[in-house]
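>>> Model the structure of this input:
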Amino acid sequence: MLGPMIPNQPRVPWQSGDDIASLVLRYARETPHGIALVEGDRRVTWAALAARVERVASTLAASSLVPGDRVAILGANSVEYVEIVFGALRAGTCVVPLPTMASTDALARMMADSGSRALLVAGAYREVGRAIADARAVLRVGIDFDGDGFEAYAALCDRAGAPAPAVTIGADDAFDVIYSSGTTGVPKGIAHSHGARKASYAGSRSRYFDPNTVNVIATPFYSNTTSVTWLLTTANAGTNVLLPKFSVDALLDEVARCRVTHAMLVPVQYERLLSSDRFGSADLSSLRFLFCTSAPLRPQTKARVVAETPAELVEIYGLTEGGPVTILEARKHPSKLASVGVPAPGCDVRVVDDAGRELPPGEVGEVIGRSANMMAGYLNRPEDTSAMVLKMADGTTFFRTGDLGRFDEDGFLYLLDRKKDVIISGGFNVFAVDLETVLSTHPGVAEVTVIGVPSERWGETPLAVVVLRPGSAATAAELRDYCNERVGKAQRVSAVVLRDSLPKNAIGKVLKRDLRTEYAGK
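The predicted model follows:
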């Protein structure tokens with residue numbers, strides 16, 4: 001049992017059988033021949049998935065793992081990955097999906113930080129698995145290989161003996177620990193309970209899903225982004241289509257072949273999709289809902305998705321830690337595409353000043369939020385957990401986001417910048433998003449991000465880093481002038497730098513910290 005590390009959190013009703021693994025077993029009874037998973041030519045029924053889930057749970061129990069122990073997984077998206085996650089949850093253990101983009105050293109630190117007692121590794125990461133296997137890992141499994149101290153997953157499951165022990169899952173029991181996908185250092189482990197996860201997969205967003213949902217998974221399982229539509233589809237007895245690796249061709253192929261209705265894509269994936277030569281002629285007629293999260297989507301991109309697909313575009317703003325959630329249904333609100341929508345039902349989202357006082361519409365402050373999907377806390381980091389919490393006078397707890405934003409008169413939230421990333425130039429606050437929005441309207445700009453760099457004259461000054469569209473002949477000076485002609489005097493960029501690409505993490509977030517380090521002395 002993880003237990004809440006943060007007092008006075010909102011709760012959701014809970015009863016036995018509410019956990020996601022129990023729902024898998026339920027659908028195996030109710031619709032045994034329905035298709036739960038698709039991967040390439042593989043079709044996995046609910047009955048087959050439930051049988052493997054039971055074998056995984058039995059194997060973990062036979063290996064001396066007990067409820068509350070942590071099970072680490074390293075690999076690409078696959079049917080086996082899903083079996084392991086749900087099997088681990090069925091056994092009452094906690095899943096630790098390791099980011100494949102992280103360095104070996106960082107992964108080893110995550111293993112130690114999580115104290116995982118089992119490690120399951122795909123063959124593509126065999127050498128990494130050997131390097132990070134912790135002495136506490138009493139079970140070491142090769143998902144598609146054996147040797148080097150790892151036992152083959154298929155053989156292990158095939159000889160699973162007695163049925164998995166019955167385990168009662170409570171709302172406060174540990175579901176997973178999500179580490180961010182940074183490539184260096186040790187990111188925080190974000191611990192979620194079953195209750196928090198249920199608040200997401202059984203909450204207001206479930207209205208977008210039903211048993212006829214066919215959801216394509218195009219982001220990695222270790223990303224919290226993936227959990228949104230994956231768990232919602234599973235909880236509603238829909239079908240999940242797995243892409244081991246994203247590409248525009250692979251996505252479009254599966255949309256047409258499987259008559260995909262739902263997809264969660266991050267901004268960089270939407271940009272690649274819309275710029276593809278195949279996009280205009282692709283069969284997208286089955287699409288009902290397209291989702292986006294992890295970073296704000298450009299208004300121009302939202303407009304194109306709405307205009308050029310039949311789907312409703314649903315943008316979700318939130319944190320892996322939980323707390324604030326806003327929803328923008330773009331097709332219904334074409335005049336609000338620069339926003340991230342309104343607070344989701346059951347979520348209390350506010351904009352506050354440095355003293356925690358709520359600000360009226362139009363005024364800029366930090367976004368905070370409170371909902372039933374709040375994390376239990378940062379694993380092994382009570383000080384960081386405490387720093388995340390803002391306690392109000394009435395005793396309720398909100399999560400700080402570190403994001404600056406404002407509400408408009410209609411209740412739509414507009415994000416401006418990370419609080420720590422605001423550029424203070426000549427005593428004025430400059431928000432990068434304002435400059436990025438202007439530069440992104442130039443026809444030659446494919447991607448842009450704006451950072452603050454040191455300036456002897458101004459203290460700090462905005463620098464725009466731009467990736468041009470193929471074939472564009474735009475110059476840095478032209479783009480600087482284009483931007484500065486359209487913004488206030490205090491907002492002007494000092495320079496534009498052209499690059500072939502921007503540094504990003506695995507789900508497409510630009511690593512501004514890396515850029516600031518690179519350009520700090522230039």
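>>> how about Ala155, phi and psi?
Main-chain torsions, Ala155, degrees, to the nearest 10: phi -70, psi -40.
>>> so who does it touch?
Contact analysis of Ala155 by C-beta atoms under 8 Å, 6 or more residues apart in numbering lists Asp146. No exception for glycine: its C-beta is placed from N, CA and C like everyone else's.
>>> swap in the one 10 residues further on?
The contact partners of Pro165, taken as C-beta under 8 Å, 6+ apart, are Ala57, Ala61, Ala91.
>>> and what of Ala124?
By C-beta under 8 Å, 6+ apart, the contact list for Ala124 reads Gly75, Ala76.
>>> helix/strand/coil for it?
helix (DSSP: H, G, I helix; E, B strand; the rest coil).
>>> Neighbour-wise, which one of the contacts of Pro165 leads?
Ala91 (27 neighbours; other C-beta atoms under 10 Å).
>>> Put together a markdown table for the contacts of Pro165, with pLDDT and distance to Asn236 on each row.
A markdown table is the format used below for these (pLDDT from 0 to 100; distance: C-beta to C-beta, whole Å):
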| residue | pLDDT | distance to Asn236 |
| --- | --- | --- |
| Ala57 | 96 | 23 |
| Ala61 | 93 | 29 |
| Ala91 | 97 | 24 |
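>>> Let me know the closest of the residues you listed to Gly323.
Using C-beta to C-beta, Ala91 comes nearest to Gly323 of those, at 29.0 Å.
>>> list the buried ones in the lowest-mean-pLDDT helix or strand in the chain?
One helix or strand of the chain scores below all others by mean pLDDT, DSSP states H and E: strand 428-430, with a mean of 83. With burial defined by 16 or more other C-beta atoms under 10 Å, the residues of strand 428-430 counted as buried are Val430.
>>> Now do that strand: distance to the chain's middle.
What separates the centre of strand 428-430 from the centre of its chain is 30 Å, taken as C-alpha atoms, centre = their mean, to the nearest Å.
>>> And the contacts of the helix or strand that comes right after it?
Next helix or strand after strand 428-430 toward the C-terminus (DSSP states H and E): helix 432-440. Helix 432-440 is contacted from outside by 296, 298-300, 338, 415-417, 421, 423, 445, 448-452, 462, 464, 466, 479, 482-483, 486-487, 491, 493, 496, using C-beta under 8 Å, 6+ apart.
>>> Tell me, what's the model's pLDDT at His522?
Wrong residue type there; residue 522 is Lys, not His. Predicted confidence (pLDDT) for Lys522: 66.
>>> any low-confidence regions in the stretch 51-200 of the chain?
Where the stretch 51-200 of the chain drops to pLDDT under 70, the residues are 181-186.
>>> ranges for the helices of it?
For the stretch 51-200 of the chain, helices defined by DSSP state H, counting those that start in this stretch occupy the ranges 79-90, 104-114, 126-132, 153-158, 194-201.
>>> Dump those helices to JSON lines, plus distance to Thr320.
Below are these laid out as JSON lines (distance: least, C-beta to C-beta, whole Å):
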{"stretch": "helix 79-90", "distance to Thr320": "17"}
{"stretch": "helix 104-114", "distance to Thr320": "15"}
{"stretch": "helix 126-132", "distance to Thr320": "22"}
{"stretch": "helix 153-158", "distance to Thr320": "28"}
{"stretch": "helix 194-201", "distance to Thr320": "11"}
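>>> Minimum distance to Val260: which of these has it?
Here helix 79-90 is closest among these (C-beta to C-beta), at 17.2 Å.
>>> Which one of the helices of the stretch 51-200 of the chain lies nearest to Gly170?
Closest to Gly170 of those, according to C-beta to C-beta: helix 194-201, at 7.0 Å.
>>> Give me the buried entries from the contacts of helix 432-440.
Buried among the contacts of helix 432-440 by 16+ other C-beta under 10 Å: 296, 298-299, 338, 415-417, 421, 423, 445, 448-452, 462, 464, 466, 479, 482-483, 486-487, 491, 493, 496.
>>> Is Ala473 in contact with Gly444, as I believe?
Yes - using C-beta atoms under 8 Å, Ala473 is in contact with Gly444, at 7.4 Å.
>>> What separation do you get for the residue nearest to the spatial centre of the chain and Gln491?
Centrality entry for the chain: nearest residue to the mean C-alpha point is Thr225, 2.3 Å, by C-alpha atoms, centre = their mean. As judged by C-beta to C-beta, to the nearest Å, Thr225 and Gln491 stand 31 Å apart.
>>> residues in contact with Leu252?
Contacts of Leu252 (C-beta under 8 Å, 6+ apart): Leu273, Ser276, Arg278, Phe279, Ala282.
>>> Apply 6 Å and report the result again.
Arg278, Ala282 (C-beta atoms under 6 Å, 6 or more residues apart in numbering).
>>> pLDDT on the one helix or strand it maps to, on average?
Applying DSSP H and E as the criterion places Leu252 in helix 248-258. Averaged across helix 248-258, pLDDT comes to 98.
>>> Same question for stretch 42-50.
98.
>>> Could you work out the end-to-end span of it for me?
16 Å (C-alpha to C-alpha, to the nearest Å).
>>> Please apply the same query to stretch 85-94.
Terminal-residue distance, stretch 85-94 (C-alpha to C-alpha): 9 Å.
>>> Now do that stretch: distance to the chain's middle.
Using C-alpha atoms, centre = their mean, the offset of stretch 85-94 from its chain centre is 21 Å.
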